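In: Kindly return the folded structure for what I paste below:
(one chain, ligands or ions: 2)
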Amino acid sequence: MGEEAPEFRVDTITFGSKGCQQNAIDVGDKTYVIGRTDDDAKSSFGIKILDKLTQTWIVPTVLGAQPPSKSHSAILVNDEKILIVEKGVSLNDSIWFLEIDTPFVKQQRKIKGSEVVSWSKGVLGVAQKPVVISGPSGVGKGTLIAKLMKEYPSKFGFSVSHTTRSPRVKEIDGVHYHFAGRSKMEQDISEGEFLEFAHVHGNLYGTSIEAVESVTDEGKRCILDIDVQGARSVRASSLEAVFIFVCPPSFEELEQRLRARGTETEEQIQKRLRNARAELDQSNSPGLFDHLLVNDDLEACYENLKKLLSLDDDHKDSDGCYGKATACYSILSKTESKVFLQSETGEVVKGGASMLAVDLSSLTGGAPGRTRGLKTHSVNSIDNGLKGIR
Ligand SMILES: Nc1nc2c(ncn2[C@@H]2O[C@H](COP(=O)(O)OP(=O)(O)O)[C@@H](O)[C@H]2O)c(=O)[nH]1
Ligand SMILES: Nc1ncnc2c1ncn2[C@@H]1O[C@H](COP(=O)(O)OP(=O)(O)O)[C@@H](O)[C@H]1O
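Out: Numbering: from 1, shown residues only. Ligands and ions are numbered 1, 2, ... in the order given. As a prediction, the model looks like this:
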């Protein structure tokens, strides 16, 4: 493996004056101008794209929550994304990506028929893969998940879905579901706020990006209880997850459980049973589910679920080294896979270093959620930085 030569070229031209900052970044035939305007109340990002071939300006639709606007530095990571480092905030909040041509952006561009860019916040460390649990209504998904959350309250968190169905007697808004109006939910879906959604048993259900990310931000493993269509959408998304399908021991037993639960009308039970047949058929779709669990005896099934989850150790704990870092950084230079940040405040990080190398080689996720997998190590000088990339 040859040594990567660091690039000290300037990708970014910054025009600054008080109350206004702009970075111009060339990507192929386009120039992305990332501007920040301050008014008295707040400042915000504005993004414009110059098509250099036609010399026309395009104002794209900007998706995702934008960085807290202060002052920033920017550099092109690759043809898909631009790295933005916010100045004046701690490292935990400072790394952002403006996605300009990732698969998510391409898909959104197609849907909207116009230019799209999307923000995604960078997060240090690798999160544990979320767990998607699917299975027919009444099979016991909720029961299994409740047992898991009760036994491991600090390890697992539940992705609270949105739904247009009415709450059941003991269901609490914001805990079991976010009970939503159809038009508001449809609008939020069209604005890219949902990881997936599906029409199930005559209602709209969906997982917002925030539902998953907020659990992961707490350092917990996220559990999603979603139908097979939703599982398929998550499989196709940038979210890497473990997919489990829960089967009943028999169709008769499923019907019995649904009736015994006593939460649906006869008509709703019939609809759920019809859909159950289709879901059971789809559980064998190649490449969709990683594991099938039969929920016959509840305790035995729960033990099997726990085994599956502890066997899945293809994750690493979050990198906590810089979790509480308060030093503030700006971009100094970059190589193919690393970006070097310079401490602005002179404040030192681990080992007395004033420079930080951010490794971008194993990023996961991205818009519409967070970009995870950022790794950092401190370097004392540019020379040491070069050693660090060997
Ligand atoms: N696609 C998708 N399905 C969901 C979501 N939330 C719940 N579901 C599924 O919708 C179906 C109906 O859920 P619910 O009304 O709670 O009834 P239950 O499964 O009989 O308890 C189940 O298969 C759930 O897994 C979601 O956010 N997205
Ligand atoms: N292994 C099991 N044996 C018998 N009853 C079960 C079992 N698992 C769950 N149940 C019961 O079946 C009903 C449906 O379970 P629930 O968790 O609500 O299913 P789902 O969330 O998949 O719709 C509940 O009344 C629950 O107590």
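
In: Identify the residue nearest Arg272 in space, chain neighbours excluded?
Out: Of all residues beyond its chain neighbours, the one nearest Arg272 is Ser137 (4.1 Å), with distances taken as C-beta to C-beta, 6 or more residues apart in numbering. The C-beta positions use only the backbone N, C-alpha and C, and glycine is treated the same way.

In: need the contact list for the one you found.
Out: Listed by C-beta atoms under 8 Å, 6 or more residues apart in numbering, the contact set of Ser137 reads His201, Leu258, Arg272, Asn275, Ala276.

In: Is Gln107 in a helix, a strand, or coil?
Out: helix (DSSP: H, G, I helix; E, B strand; the rest coil).

In: Leu309 too?
Out: Taking three-state DSSP, the label given to Leu309 is helix.

In: ok, now Leu254?
Out: helix.

In: Can you tell me, leaving aside adjacent residues, what's nearest to it?
Out: Closest to Leu254 by C-beta to C-beta, 6+ apart is Pro248, at 3.9 Å.

In: Count residues in the vicinity of that neighbour, would you?
Out: For Pro248, the neighbour count with other C-beta atoms under 10 Å is 22.

In: For it, give me phi and psi.
Out: With angles defined as degrees, to the nearest 10, Pro248 sits at phi -80, psi 160.

In: Run through the strands of the stretch 151-300 of the chain in chain order.
Out: 156-158, 161-163, 177-179, 194-200, 203-208, 221-225, 242-247, 291-294 (DSSP state E, counting those that start in this stretch).

In: got the residues of the stretch 151-300 of the chain near ligand 1?
Out: Proximity of the stretch 151-300 of the chain to ligand 1 is confined to 161, 165, 196, 198, 200-201, 205-207, 225-227, 229-230 under the rule C-beta under 6 Å from any ligand atom.

In: Leu374 against Leu356, yeah?
Out: No - under the criterion of C-beta atoms under 8 Å, Leu374 is not in contact with Leu356, lying 10.7 Å apart.

In: any low-confidence regions in the stretch 201-350 of the chain?
Out: 311-327, 345-350 (pLDDT under 70).

In: what is in contact with Leu374 and Leu356 at once?
Out: Common neighbours of Leu374 and Leu356 (C-beta under 8 Å, 6+ apart) do not exist.

In: Chain neighbours aside, what residue packs nearest to Ile25?
Out: Leaving aside its chain neighbours, Ile25 sits nearest to Tyr32 (4.8 Å; criterion: C-beta to C-beta, 6+ apart).

In: Helix or strand: which one has the one you found?
Out: Element membership of Tyr32 [criterion: DSSP states H and E] is strand 30-38.

In: Pull the residues that contact that strand.
Out: Here strand 30-38 has contacts from 18-25, 43-52, 69, 71-72, 74, 82, 84, 98, 100, 117, using C-beta under 8 Å, 6+ apart.

In: Would you mind checking the average pLDDT for it?
Out: Averaging pLDDT along strand 30-38 gives 83.

In: partners of the helix or strand following it, with directions?
Out: Sequence-wise, the next helix or strand downstream of strand 30-38 (DSSP H and E) is strand 43-51. Using DSSP bridges, the strands paired with strand 43-51 in its sheet are strand 30-38 (antiparallel), strand 56-58 (antiparallel).

In: Paired strands for whatever helix or strand comes next after the shortest one, with orientation please.
Out: Along the chain past strand 56-58, the next helix or strand (assigned with DSSP H and E) turns out to be strand 61-63. Strands flanking strand 61-63 in the sheet, each with its direction: strand 116-124 (parallel) (DSSP bridges).

In: Next, the buried residues of the strand holding Tyr32.
Out: By 16 or more other C-beta atoms under 10 Å, the buried positions in strand 30-38 come out as Lys30, Thr31, Tyr32, Val33, Ile34, Arg36.

In: Pairing partners for the fourth one in the sheet, please.
Out: In this case it means Val33. Ala24, Lys48.

In: Would you reformat the strands paired with strand 43-51 as a markdown table and include distance to ligand 1?
Out: Supplementary listing: these in a markdown table, determined by distance: least, C-beta to the nearest ligand atom, whole Å:
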| stretch | distance to ligand 1 |
| --- | --- |
| strand 30-38 | 34 |
| strand 56-58 | 34 |
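
In: okay, these in JSON lines with distance to Lys106 next?
Out: Formatted as JSON lines, the strands paired with strand 43-51 follow (distance: least, C-beta to C-beta, whole Å):
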{"stretch": "strand 30-38", "distance to Lys106": "14"}
{"stretch": "strand 56-58", "distance to Lys106": "16"}
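
In: Tell me the one of the residues of the stretch 151-300 of the chain next to ligand 1 nearest Ser285?
Out: Closest approach between these and Ser285, by C-beta to C-beta: Gln229, at 11.1 Å.

In: ok, now how distant is Gly230 from Asp79?
Out: Distance from Gly230 to Asp79, counting by C-beta to C-beta, to the nearest Å: 31 Å.

In: Equivalent analysis for Leu53, please.
Out: Counting by C-beta to C-beta - Leu53 and Asp79 are separated by 17 Å.

In: So what's the residue count around the closest residue to Thr207 other than its chain neighbours?
Out: Nearest residue to Thr207, sequence neighbours excluded (C-beta to C-beta, 6+ apart): Leu195, at 4.7 Å. Look at Leu195: counted by other C-beta under 10 Å, it has 25 neighbours.
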